[in-house]
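Novice: Sequence first, predicted model second:
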Amino acid sequence: MARVPVKLVSWEEIVEWSRGLADRIEESGWRPDVVVAVARGGFVPARLICDFLDITDLLSVQSQHWVEAARAAQKAILKYPYRVDLEGKKVLIVDDIVDTGDTLLLAKEFVEREWGPSETRTAAMQWISSVAKFKPDYYYLEVRDWVWFQYPWTRLEDTMQFIARILREDERARSGVSEDELKSIFREWYGVDPEELGFYWELALKRLREKGVVRAENGKLLPR
Ligand code: AMP
């Protein structure tokens, strides 16, 4: 069993899941005038939903909740709380996943309070029903067992954070490991074979070296 269960999500799956989500919205007979993407995770699904439902108005709010991949901060906050007049508009607020639900709830409350739409509904490709304090009006997949979905738009960011965490927390890595040993610890921790990450693996190591998180010494990788 992986320490942190991770599922690599492909671009094809994102298109399929967003299409499925758009179908659910269409089948309900409700049509939004404006789509609001919750940045950053909701960007791609929101854009695809606009395409599938033929909607041109797309706005965004940015909320922040997870400090790093698979590690939640205490509180979701909204950055840049600017105001827009959406009086009389039906608004669909879109995110990639509802995990705790804090992010989408915060975005919904903000839009309702500050932007004055006539109605808001929420949508996410995935809903983790076992932990979420909130069920979106629309979702495509219900997830029961918690997993970190490694979406394609955060592949580099997540890979860097996953490696950095091993170097900080794994006893074997703290005293220095070869790249092959690091790959094997990565498999053990996340249940993902670094070979599946393609160019992202090398790029993540390069960035971590540039940032001074990792250093190479006598063929071994070490934390700073
Ligand atoms: P939350 O406020 O907990 O519902 O989640 C906030 C954001 O964090 C989501 O919109 C995702 O971008 C990201 N996130 C949270 N949980 C997961 C997960 N299990 N897999 C991938 N991304 C996640």
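Specialist: Yep, that arrived. Numbering: from 1, shown residues only.

Novice: Could you pick out the residues of the protein near the ligand for me?
Specialist: 41, 65-66, 76, 95-103, 148-149 (C-beta under 6 Å from any ligand atom). From N, CA and C alone the C-beta is placed, and that goes for glycine too.

Novice: Mind picking out the helix or strand in the chain with the poorest mean pLDDT?
Specialist: Using mean pLDDT, DSSP states H and E, strand 71-79 stands out as the lowest-scoring helix or strand of the chain, at a mean of 77.

Novice: next structured bit after it?
Specialist: Counting by DSSP states H and E, the next helix or strand C-terminal to strand 71-79 is strand 90-98.

Novice: Buried residues, the helix or strand just after that next one. List them.
Specialist: Heading C-terminal from strand 90-98, the first helix or strand you meet, by DSSP H and E, is helix 102-114. Neighbour-count burial for helix 102-114 flags 102, 103, 104, 105, 106, 107, 108, 110, 111 (criterion: 16 or more other C-beta atoms under 10 Å).

Novice: Could you tell me the end-to-end distance of stretch 215-224?
Specialist: 6 Å (C-alpha to C-alpha, to the nearest Å).

Novice: Report pLDDT for residue 224.
Specialist: We note a pLDDT of 84 for residue 224 in this prediction.

Novice: again, but for residue 83
Specialist: So residue 83 comes in at 96 (pLDDT).

Novice: three-state assignment of the residue nearest in space to the middle of the chain?
Specialist: The centroid of the chain falls nearest to residue 41 when counting by C-alpha atoms, centre = their mean (4.6 Å). Using DSSP: H, G, I helix; E, B strand; the rest coil, the structure places residue 41 in coil.

Novice: Return the residues in contact with the residue nearest to it when sequence neighbours are not counted.
Specialist: The shortest distance from residue 41 to any non-neighbouring residue, by C-beta to C-beta, 6 or more residues apart in numbering, is to residue 96 (3.9 Å). The contact partners of residue 96, by C-beta atoms under 8 Å, 6 or more residues apart in numbering, come to 41, 42, 44, 45, 124, 125, 126, 149, 151.

Novice: mean confidence score for the longest helix along the chain?
Specialist: Of all the segments of type helix in the chain, defined by DSSP state H, the longest one is helix 11-27. Averaging pLDDT along helix 11-27 yields 98.

Novice: which residues sit in contact with the closest residue to residue 183 other than its chain neighbours?
Specialist: Counting by C-beta to C-beta, 6+ apart, residue 183 lies nearest to residue 194, which is 4.6 Å off, once chain neighbours are set aside. Applying C-beta under 8 Å, 6+ apart to residue 194 gives the contacts 183, 186, 187, 201.
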